[in-house]
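# one predicted model, sequence on top.
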Amino acid sequence: MLRFIVEALRSSSAPYVLTILFASVGWGITHAVDRVLKSPALEFRPKVSELDSSQKKFRVQIENISRDRSFSDLEFVFLLDPKQSGRFVSSPSVIPVSPAWEGDQAPEQKDHSVVFPIPMVHPGWLLTLEAQYTGPQQPAFRLRKSGQPVRLVTPSAETFFVKHEISFIGGTILLWLIVVVVIISTQPPVTQPPPKLMQVPDSSSQKSATPPNIMSLSMICVGGVTLLLASPTFFQQQTEASTVIEEIRVVEDGGRGIKSDLYVIKGTGQEEFFDETDDTGVVHPNYSCESGWRIRAKPKDQAYFHSSAQKCLVKLMLRVTSRRVLSNLQKNAEWARQNGEYGVAALVYNELSVRAAAFDSNLALKAETNAYEYAGRALGVEEPTGFDPTQKRVVLSPEFIEKIRAYQKTNGLPDSGKLDNATLTSLANAPIGRFLYSSPIRDN
């Protein structure tokens, strides 16, 4: 068998065979991806971690792996069998990864169930639901309510291809190109036998064969076109010119709709007004949004800052921050700093940075730097940051990254070494929602 493969690779038809083979691989990947994306799907990853001899933490990470579908009015549930001895023992929490939003409704906890209401999950959004419990039984995870049909799927080869399809197709093309070039370059040159003595050569025999370099170029061009046509992803990205926005909803932190003007940011960076919402913050514009454009909301009420710019989706939710919430974050961060609550200060400064990025870059940068500093203090790092001249910005020090990893491993978090929302929430031992609506913290 091995000898047969070697001989096949040495033959003159090997580049064509390999081109068909790699094209089949590309088609297979995109076919699997399209099959997953035909039905609305959320990927969930459950995990149990031991806290001590009596308590455990149940965590479920949810990700919208679709590309153009949003899901609203969701309710997820953790369930324990009431016939067993286990029960939920601490306040559950929802940890969003920016720009995801957990909503303003707190999870509802009972002895044997926890309900997590989630207002909206846009494409690419990632949230983690977690709760602590006792007993030997692992909680069951259920979707109790959804505004639209949705399928829950666990991680698999298909969902992995969905999230990394571009990388796989690009790698397949690169590998195909390398293999074909190597095979062509190692094949012996084609030579013509010398004419017999005392024989006048026929004019047709004097015609030389197609130069090898031209044949190689032809093979590469034909193979490249074949691979691209086998990949609907690339073809779709080239032909998909626009997205028709059917609904835009502008909401504040409490979920109330805010009347706003809507602007589109085109490829040149120029903002243009194109519509406005009604008093409930909703509009159905049926607006054709070109690829690469972004949408921003500017509330008519000056008590709110404008939203960050979001990519175009069929149903789009834009969140705006009130001046009151921003003021509460600033006051709570300062109070936590002064009282040595460095984990809380880091969490609140990070939230302040994320929100301020939409309208005040200087405030956002200062808050981000403060979040690094106080997270470092919470973990006992004297110099958590340093200035990187190549990036021209403040970055985490190697010592700080190792401390973060160690903390994450100890507390059952993904050991990414990044100062993400899950790590900051764990450091603060409180959800960010506690610090949005009142200040200072001692009044909560």
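Structure's in. What do you need?

# export stretch 381-393 to CSV, keeping only CA atoms.
The C-alpha trace of stretch 381-393 is given here as CSV (Å, rounded to 0.1, in the frame of the first residue of the first chain):
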residue,chain,number,x,y,z
VAL,A,381,2.0,41.5,42.5
GLU,A,382,4.0,44.7,43.0
GLU,A,383,4.5,45.5,39.3
PRO,A,384,1.5,44.0,37.4
THR,A,385,2.1,46.0,34.2
GLY,A,386,4.8,47.4,32.0
PHE,A,387,5.0,49.5,28.8
ASP,A,388,5.5,47.7,25.5
PRO,A,389,7.2,50.1,23.1
THR,A,390,6.3,47.9,20.1
GLN,A,391,2.6,48.1,20.9
LYS,A,392,2.9,51.5,22.5
ARG,A,393,0.6,50.6,25.3
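
# make 739 the starting number, not 1.
Will do, 739 is the new start, and the previous item becomes stretch 1119-1131.

# list the contacts of that stretch.
1107, 1110-1111, 1113-1115, 1132-1135, 1137-1138, 1141 (Cβ atoms under 8 Å, 6 or more residues apart in numbering). For glycine as for every other residue, the C-beta is placed from the backbone atoms N, C-alpha and C.

# same question for stretch 1139-1153.
Stretch 1139-1153 is contacted from outside by 785, 787-789, 795, 797, 1113-1114, 1117-1119, 1134, 1154-1157, 1160-1161, 1164-1165, using Cβ under 8 Å, 6+ apart.

# in strands, which of those appear?
Using DSSP state E, 785, 787-788, 795, 797, 1134 are the members of the contacts of stretch 1139-1153 that sit in strands.

# can I have the buried ones of these as a PyMOL selection?
In PyMOL, this line selects whichever of the ones in strands among the contacts of stretch 1139-1153 come out buried by 16 or more other Cβ atoms under 10 Å:
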select buried, resi 795+797+1134
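
# in the ones in strands among the contacts of stretch 1139-1153, find the pair that's most separated.
Spatially, the most separated pair among those is 788 and 1134, at 28.2 Å (Cβ to Cβ).

# spatially nearest residue to residue 878, not counting backbone neighbours?
Setting aside the residues directly before and after it, residue 878 is nearest to residue 817 in space (Cβ to Cβ, 6 or more residues apart in numbering), at 4.4 Å.

# quick check: the one you found touching residue 851?
Yes: assessed by Cβ atoms under 8 Å, residue 817 is found in contact with residue 851 at 5.3 Å.

# between the two, point out the one with more neighbours.
Comparing residue 817 with residue 851 by other Cβ atoms under 10 Å, the one with more neighbours is residue 851, at 19 against 16.

# from the ones in strands among the contacts of stretch 1139-1153, which has minimum pLDDT?
Lowest pLDDT among the ones in strands among the contacts of stretch 1139-1153: residue 788, with 85.

# identify the residues contacting the nearest residue to that one once chain neighbours are set aside.
Closest residue to residue 788 apart from its sequence neighbours, by Cβ to Cβ, 6+ apart: residue 794 at 5.7 Å. If a contact means Cβ under 8 Å, 6+ apart, then residue 794 has 786-788, 870-872 as its contacts.

# then residue 981?
Going by Cβ under 8 Å, 6+ apart, residue 981 touches 806, 1026-1027, 1029, 1050-1052.

# pull out the buried members of those residues.
Buried among the contacts of residue 981 by 16+ other Cβ under 10 Å: 1027, 1050-1051.

# turn those residues into TSV, columns for pLDDT.
Below are the buried ones among the contacts of residue 981 laid out as TSV (pLDDT from 0 to 100):
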residue	pLDDT
1027	86
1050	89
1051	89
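
# hang on, the earlier thing: from the contacts of stretch 1139-1153, which would you call buried?
Among the contacts of stretch 1139-1153, the ones that count as buried by 16+ other Cβ under 10 Å are 795, 797, 1113-1114, 1117, 1119, 1134, 1155, 1157, 1160-1161, 1164-1165.

# dump the ones in strands among the contacts of stretch 1139-1153 to a markdown table, plus distance to residue 1100.
Shown next, in a markdown table, are the ones in strands among the contacts of stretch 1139-1153 (distance: Cβ to Cβ, whole Å):
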| residue | distance to residue 1100 |
| --- | --- |
| 785 | 39 |
| 787 | 39 |
| 788 | 44 |
| 795 | 38 |
| 797 | 36 |
| 1134 | 21 |
